[in-house]
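>>> Fold the following.
(one chain, ligands or ions: 2)
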Amino acid sequence: MTESVDVLIIAPELPSYAHPGDAGADLRAAEAVRLDPGQRALVGTGVAIALPDGFAAFVVPRSGLATKHGITIVNSPGTVDAGYRGEIKVTLLNTDAREAYDVAVGDRIAQLIVMPVSRARFVPVETLPGSARGEGGFGSSGYGTETGAGR
Ligand SMILES: O=c1ccn([C@H]2C[C@H](O)[C@@H](COP(=O)(O)OP(=O)(O)OP(=O)(O)O)O2)c(=O)[nH]1
Ligand SMILES: [Mg+2]
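Ligands and ions are numbered 1, 2, ... in the order given. Here you go, the predicted structure:
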């Protein structure tokens, strides 16, 4: 069964889940904007929410817009803090080299994923416990079928 949580909202239209089981509820543009190739713009959604303590919401791109038109979100995933009461806005970026992209009012431009989050209690220590990975990162496990040191 899908867990649900009440999120208080002020919006011209409620964000909607396209299908049962979807993680992201679509956010609509509250303003029209033309994105020239390579241009970014902060686009309002007209949506303001109050998340319960212990939750955050993440503004993430829609894959169709990304694949078909090169439209992504600069700061993806955008983080909406539980205490934020302002309008949720989306920093769209047109990565296409040639085609402008027109956003109309009401277009579904992004999706919002509501998630429980933990706050860290940072505990200073002199040494960290060992682990299988250790300090390896940034491609240390390789890129292809090989294992161990990367190419
Ligand atoms: O894509 C986004 C990302 C953030 N926000 C809002 C909600 C969030 O709670 C607030 C601050 O976001 P963030 O902490 O990422 O930005 P900042 O640059 O650190 O600003 P601040 O100093 O206000 O925290 O802006 C959005 O509306 N859309
Ligand atoms: Mg911040």
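>>> Quick one: residues contacting Thr91.
Arg40, Ala41, Leu42, Val43, Ile73, Val74, Asn75, Gly78 (Cβ atoms under 8 Å, 6 or more residues apart in numbering). In short, each C-beta sits where N, CA and C put it, glycine included.
>>> Run a quick neighbour tally on the first one.
Neighbourhood size, Arg40 [other Cβ atoms under 10 Å]: 16.
>>> Quick check: closest non-adjacent residue to it.
Leu93 (4.3 Å; Cβ to Cβ, 6 or more residues apart in numbering).
>>> thinking the one you found is in contact with Ile73, fair?
Yes: using Cβ atoms under 8 Å, Leu93 is in contact with Ile73, at 6.8 Å.
>>> now what about stretch 47-57, what contacts it?
The contact list for stretch 47-57, computed with Cβ under 8 Å, 6+ apart, reads 5-11, 15, 27, 30, 79-82, 84-88, 112-117.
>>> Output the strand ranked longest in the chain as CSV, nothing but the C-alphas.
Longest strand in the chain by number of residues, with DSSP state E as the criterion: strand 108-116. C-alpha atoms of strand 108-116 as CSV (Å, rounded to 0.1, in the frame of the first residue of the first chain):
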residue,chain,number,x,y,z
ARG,A,108,3.4,20.5,-16.4
ILE,A,109,7.1,21.6,-16.0
ALA,A,110,8.4,19.5,-13.1
GLN,A,111,7.4,17.0,-10.5
LEU,A,112,7.4,17.1,-6.7
ILE,A,113,8.5,14.2,-4.6
VAL,A,114,7.7,14.3,-0.9
MET,A,115,10.0,12.2,1.2
PRO,A,116,10.8,11.7,4.9
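>>> What pairs with it, parallel or antiparallel?
When sheet partners are counted by DSSP bridges, strand 108-116 sits next to strand 25-28 (antiparallel), strand 55-60 (antiparallel).
>>> Fine, thanks again, bye for now.
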